[in-house]
Structure formats: structure tokens, C-alpha cells
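Student: Here is my input; please provide its structure:
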Amino acid sequence: METRYVTIMFFLVLMVAGASAYEITIDAPTSLQVGTPIVVNGTTNLADGVNISIALSNADYYTTEIATENVLVQRSDENKSFSVVFDTTGLKKGQYKVEVLPIQDFSFLGSSVTIRPVTLVDRSDELTITPPLQKEYDGSLTIAGNGARLLNSGVEVMVTSSNGTLLFGPEFIGTDYMGYFSKTFSIPEPGDYLVNFRDARGFIGNITYTVTKPREPLPPLVLPEATGTPAPTQLPAMYARSVSTRDAPAYFAVIANPGLVRVSTSTGIDWVIEYLDRSGTIHRVHDSGSQYPESFTFQSDGNTTWVKVYPFKYEDNSTVTLYAENALDVQVAEKGMEFFPTPSATTSVPVGVQSSPLPWVLFTGATVTGFLIMIRIRK
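Tutor: So this is what the prediction gives:
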């Protein structure tokens, strides 16, 4: 009888303990694209006024806490619900987790779920965007690029303005046999434009294009009267910057009054310059390597001089600054590509260098000499 009584009391204690156990359960998406907020929803039976901290961390070999959100239990129903949001902008693709941090004086039992894995997806490294990503406003925006996994297929593009207004798409743009695509559409004003790329396998990545206000036109040059102060003989150096690769060179327009103008590049990359002279001849400059600027001097006739700059090495991809001394202005100008044949990097001859017939003369002389020696030996 006594044993039976002890058993019943033990069972009642377990029931009371189970009824008073604290539980908390959270839920989060298992996978989403980088830049999309992680929404964590949860329920709990903790008492009102208890603070719950939920952390977002990476789930690599070494766990690093990225952000923490706090929520205060306030509702009086049995299962209080709550929600927190984590921003993923700027995070890298990979494995992450959201978890409830320990709460002093409380331990979670029963069906509590206090940790959820989250995979952030970003395939933007599969996509090569053709520069420039920044341009002056002219009423349109061109999106172009290629991807090794886009051969003879298509890429879905959606464009939104900085305030979230949908401007284009979602629409699939066809790609060619090398995965290249291009699309030009109208934009209402300068600003940042977010382009979302997807394909048949899902989300690829986001790219931001920055469209700046067009620069004011240069004021007309007013020369002083002959009896006044003489005009300065040297103008301050003007410059412009642009991203440049072997496949997508940078093009510039150098605007100057008649006179001597010196053009040079920035350093750090082994650059190659090509420019058109007044007769339309293309000159190529490649003398200095990466430690010194490439430069040339020309006599301006008052018209625009077109300049093309690209890295000597195929693997280089950087921003080049083009300086022009004694010029009125230097502008990044895509129109310059119309004046240079493609490809020209491997066929142009450096300025001041001419093809020499000397190797052919030596070859011919050696051949004749050898022939005469053979005749003498036979005799």
C-alpha cells in the first residue's frame, strides 16, 4: 500500500513539473538569397516581461555573432508569439544560424526549438558584368555581361530604383553561344538602380548601377584683350576615371584648345594607351610598365582627341585615371570605341617605332653566303 502511494505521488510530481516546463520555439527560412531579410518567428510560454535575445551567426568552423535582436514577452496568452528581422545586406553566401541565447533562471524543456540553420545563396561570382557600373545620366541604362552557365539560354533581369519602384522586368534576356547578353532601357532620372539576376536554376545575384547627374557644359573660353593681362600658358591638369579590362577598355575624350597637351595614366597597373592623331592614325604607347605612368604629348588643333586605355595583362581588372595637362576637360566617353578597331591591342605599333627590314636582310645574306660555300665545296 505504501509503495503504491509513493508511486502515485511521484507520478503527480512529474505531471506538475511537466506542466510548469518553459518552452520556446523559433522558425526561420532554411534558404534565401543574400540581401533578403531573415524573418524569425517564435512562440513561448515564458512569463510577461522576460527579455528574449536572438542572435544571427555564421555556421563555419569558427562561430562569429553578426547581429542580435531582442524581444520582450508582453502578451498574456499561453503561447506568446513574437518576430524579429535580420538584415543580410553585405553578407557573403554560406551557412548561418539563428538561435535563442541562454536566459538566466530559465531552461527550456519539452518541444523547444532554439536554433535554426539558414543558407544564404549568392551566385553573383558566376556573372561577369561589362563596365561601366557608373555613368552620367542620358535617359537610358544598358545592362550587359556574360556567364559561363548561361550559354545559349537566358538570364532573367528585374530593375528597381532606389525607392523600390519597379522599372523593368522581370524579363528573360536571351544569351548567345558564349553566354553574352545586353539590354538597354529607359530610366527616369539619376540615382542608384538595383538589378536582380536569375536563371533557370534560381537567384544569381544583385548588381547596383549608379547614374550620376550630367556635368555642366564647359563655359566658352574668353581670351583677354591684347592690351589686358596675358592668358595663362598652362592650365591645371584635368582627369577622369574609368574601369578598364582587356575585353572592355576605357575610352576617354580629351578636349583642349589648340596647343601642346600632355596625357598620362595612373600607376600600379601596366597600362597601354592608344590615341588618334589629327590624320586619323592610331598610335600605341606602352613604354613604362606598372611603376611609372604611360604618357604622350600631342599638338591639339582644338578638336576632341579620342584615347583608349587597357591593361597589358589579361588578368588585370582595375580603374585607370587619365590626366591631361593644359586641357579644358577629360571625360569618360563610350563613343570612343567607334574610332578604334577591335582587336587593336596586338596589332598596333608603339609610337615612334617602325617595322625594320633588317632581320630579312640578315636572313637573305646568310642564305646567299651558305649557297656560295656549298658551290665551293662541290668544286
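Student: any weak-confidence spans in this structure?
Tutor: Residue ranges of the chain with pLDDT under 70: 1-20, 75-79, 109, 217-235, 342-379.
Student: Direction included, what does the lengthiest strand in it pair up with?
Tutor: Counting by DSSP state E, the longest strand found in the chain is strand 202-212. Looking at strand 202-212 with DSSP bridges, its partner strands are strand 134-136 (parallel), strand 191-199 (antiparallel).
Student: Looking at the ones you listed, which one is packed in the most?
Tutor: strand 191-199 (a mean of 18; mean count of other C-beta atoms under 10 Å). Where you see a C-beta, it was placed from the backbone N, CA and C, and this is true even at glycine.
Student: Contact partners for the nearest residue to Ser124 once chain neighbours are set aside?
Tutor: When the adjacent residues along the chain are set aside, Ser124 lies closest to Gly205, with 2.6 Å between them (C-beta to C-beta, 6 or more residues apart in numbering). Contacts here follow C-beta atoms under 8 Å, 6 or more residues apart in numbering; on that basis Gly205 touches Val34, Asp122, Arg123, Ser124, Asp125, Glu126, Leu127, Phe197.
Student: Quick check: which helices or strands does the next helix or strand after the longest strand of the chain pack against?
Tutor: Heading C-terminal from strand 202-212, the first helix or strand you meet, by DSSP states H and E, is strand 238-244. Secondary-structure packing of strand 238-244 (3 or more C-beta pairs under 8 Å, 6 or more residues apart in numbering; DSSP states H and E): strand 250-255, strand 305-311, strand 318-325, strand 329-332.
Student: Nearest approach to Ser186 belongs to which of those?
Tutor: Smallest distance to Ser186 across these (C-beta to C-beta): 21.1 Å, for strand 329-332.
Student: Which strands border the closest one, and is each parallel or antiparallel?
Tutor: When DSSP bridges is applied, strand 329-332 pairs with strand 250-255 (antiparallel).
Student: If you count neighbours, what's buried in the partner strand?
Tutor: Applying a neighbour-count criterion of 16 or more other C-beta atoms under 10 Å, one finds Ala250, Tyr251, Phe252, Ala253, Val254, Ile255 buried in strand 250-255.
Student: bridging residues for the fourth one?
Tutor: Following DSSP bridges, Ala253 is listed with bridge partners Trp306, Gln331.
Student: Verify the stated contact: it with Val330.
Tutor: Yes. Counting by C-beta atoms under 8 Å, Ala253 touches Val330, with 7.3 Å between them.
Student: Could you dump the strands paired with strand 202-212 into TSV and include distance to Asn70?
Tutor: Formatted as TSV, the strands paired with strand 202-212 follow (distance: least, C-beta to C-beta, whole Å):
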stretch	distance to Asn70
strand 134-136	39
strand 191-199	30
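Student: Nearest to Phe339, out of these?
Tutor: Ranking these by proximity to Phe339 (C-beta to C-beta) places strand 134-136 first, at 19.1 Å.
Student: who does the helix or strand following that closest one touch, helix- and strand-wise?
Tutor: Downstream of strand 134-136, the first helix or strand assigned by DSSP H and E is strand 140-147. With contacts defined as 3+ C-beta pairs under 8 Å, 6+ apart, strand 140-147 has these neighbours: strand 127-129, strand 154-161, strand 180-186, strand 191-199, strand 202-212.
Student: What residues of strand 140-147 count as buried?
Tutor: Within strand 140-147, the residues that count as buried by 16+ other C-beta under 10 Å are Leu141, Ile143, Gly145, Asn146, Gly147.
Student: Same list (those residues) but as a markdown table, adding distance to Thr321.
Tutor: Supplementary listing: these in a markdown table, determined by distance: C-beta to C-beta, whole Å:
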| residue | distance to Thr321 |
| --- | --- |
| Leu141 | 24 |
| Ile143 | 26 |
| Gly145 | 24 |
| Asn146 | 27 |
| Gly147 | 30 |
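Student: Return the closest of those residues with respect to Ile24.
Tutor: Using C-beta to C-beta, Gly147 comes nearest to Ile24 of those, at 43.6 Å.
Student: Would you check that the closest one makes contact with Ile173?
Tutor: No. Gly147 lies out of contact with Ile173 (C-beta under 8 Å); the separation is 11.6 Å.
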